[in-house]
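Peer 1: let's see this in three dimensions:
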Amino acid sequence: MGEKGDIRAQMGKLGKEMPEIMNNFNQLTAETFKNGALSVKTKTLIAVALAVGLRCEFCTRLHVPEAVKAGVSRAEILEAAGVSIMMAGGPGLAFAGAVLLEELDKLVIK
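Peer 2: Purely as a prediction, here's the structure:
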């Protein structure tokens, strides 16, 4: 499947064809990922866990680097993925073993 850059390029194309929807979605995203009762670090960790549980490859490839930028460690990501796997069952396990580990290894974080 596509890489992170491809996803962002495609979202840019959608923005040209559906500007109001994409602007609203981008505003929602920006507001969601501000520090509040939960830190940005915690919010990005939640996003990664949900991406695994929903088996969204594109979401995983977008949110893992953002989580790492926010200071989330590999161990924290894998522990959150464990919770997601428990909730999502076998499909979540297969996804974490394939896509999540590939993304973490590509970023070479420990």
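Peer 1: residue closest to the middle of this structure?
Peer 2: residue 63 (2.4 Å; Cα atoms, centre = their mean).
Peer 1: for that one, give me its contacts.
Peer 2: Applying Cβ atoms under 8 Å, 6 or more residues apart in numbering, we find residue 63 in contact with 44, 47, 48, 51. Yep, even glycine has a C-beta here, placed from its N, CA and C like the rest.
Peer 1: how far away is the closest residue to the second one other than its chain neighbours from residue 107?
Peer 2: In this structure, residue 47 finds its nearest non-sequential neighbour in residue 63, 4.2 Å apart by Cβ to Cβ, 6 or more residues apart in numbering. When distance is defined by Cβ to Cβ, to the nearest Å, residue 63 is 12 Å away from residue 107.
Peer 1: still on that earlier bit, pick out whichever of the contacts of residue 63 sits closest to residue 6.
Peer 2: Nearest to residue 6 among the contacts of residue 63 is residue 51, at 16.4 Å by Cβ to Cβ.
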